[in-house]
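**Student:** would you be able to build a 3D model of this:
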Amino acid sequence: MNDVWIKIAQFLGTLNGEDVKRKSYVHTPEYEAALEAWKETEKEWGTFLETLPAEGQEKAEEMKERLEDFASAQEKRAYIQGYVDCVQALYHMGLLKENEGLKWAEKPDVL
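**Tutor:** Below is the predicted model:
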């Protein structure tokens, strides 16, 4: 991966987690519905775990943590990809110029 994109990803990754209460923070209807569904399911999670033997409880919690980590990584990747796509769109609109110190890792095909 291009070093520039790694640095941009690190910077944008810090922005992604900051101030989720700001006016410009996006809450889609799909996100809100999924959050409400999770809140209902989370109430049942503890009860469900109690039905499992101790080893099963540990394994279920481990699997849930991995799923949460994966979902978080997907969200971060999608957030950063949105910025990359935006920068590329601005470039193709002629609003950003390529220079000697910064080159595109790849030139996307534009219809």
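
**Student:** where does this structure have low pLDDT?
**Tutor:** Within the chain, the stretches with pLDDT under 70 are 1-2, 13-20, 102-111.

**Student:** which elements pack onto the longest helix anywhere in the chain?
**Tutor:** Among the segments of the chain that qualify as a helix by DSSP state H, the longest is helix 54-92. If you count contacts as 3 or more Cβ pairs under 8 Å, 6 or more residues apart in numbering; DSSP states H and E, helix 54-92 packs onto helix 3-16, helix 29-50. For the C-beta atoms, the positions are set from N, CA and C on the backbone; glycine is no exception.

**Student:** centroid residue for this protein?
**Tutor:** By Cα atoms, centre = their mean, the chain has its centre lying nearest to Glu75, at 1.5 Å.

**Student:** what's the distance between Glu61 and Ala78?
**Tutor:** The gap separating Glu61 from Ala78 is 26 Å, by Cβ to Cβ, to the nearest Å.
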